[in-house]
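Asker: One predicted model, sequence on top.
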Amino acid sequence: MNRRWTGSVRENSVHLCYHNLPVKIIGAGGGFVYGPQGTTHHAIEEIGILRTLPNMTVISPSDPLETGKAIHASMDLEGPAYVRIGRNNEPAAFGDCSQGV
């Protein structure tokens, strides 16, 4: 995910949001997880941009356990959703992530 990606998603998301289509977007590596690769790889604005779109649900889980649950829950949503996931190996924020979904 980078700035060019964010602009592209915003342009394409407008159409799916206005029509309330059940499309799910999974954004991997949001925020500063690619920090060492420079500012062009920081995706800190995508949540703010996507929250402004009508009918869009934005989900940002904190660890692998919440990520699994968020992805499953997003499938039950009737409209579009954006799930921002980490890169990998994030520590458990709450409880034991080895328990799975």
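Answerer: Structure received. Numbering: from 1, shown residues only.

Asker: Is the most centrally placed residue in the chain part of a helix or strand, or is it coil?
Answerer: Centroid-nearest residue in the chain: Arg84, 2.0 Å away (criterion: Cα atoms, centre = their mean). Under DSSP: H, G, I helix; E, B strand; the rest coil, Arg84 falls in the strand class.

Asker: Just the pLDDT for it.
Answerer: Reported pLDDT at Arg84 in the predicted model: 88.

Asker: neighbours of Ile44, just the number please.
Answerer: Using other Cβ atoms under 10 Å, Ile44 has 12 other residues around it. Yep, even glycine has a C-beta here, placed from its N, CA and C like the rest.

Asker: Quick check: bridge partners of the closest residue to it other than its chain neighbours?
Answerer: Closest residue to Ile44 apart from its sequence neighbours, by Cβ to Cβ, 6 or more residues apart in numbering: Gly31 at 6.0 Å. Note on Gly31: beta-bridge partners Ala43, judged by DSSP bridges.

Asker: so after the lowest-mean-pLDDT helix or strand in the chain, what's the next helix or strand?
Answerer: Scoring the helices and strands of the chain by mean pLDDT, DSSP states H and E places helix 3-18 at the bottom, with a mean of 72. Of the helices and strands lying after helix 3-18 in sequence (DSSP states H and E), the nearest is strand 24-28.

Asker: packing partners for that following strand?
Answerer: In this structure, strand 24-28 packs against helix 3-18, strand 81-85, with contacts taken as 3 or more Cβ pairs under 8 Å, 6 or more residues apart in numbering; DSSP states H and E.

Asker: where does this structure dip in pLDDT?
Answerer: 1-10, 88-89, 96-101 (pLDDT under 70).

Asker: so which strand or helix has Asp79?
Answerer: Wrong residue type there; residue 79 is Gly, not Asp. Going by DSSP H and E, Gly79 is not part of any helix or strand.

Asker: Done for today, thanks.
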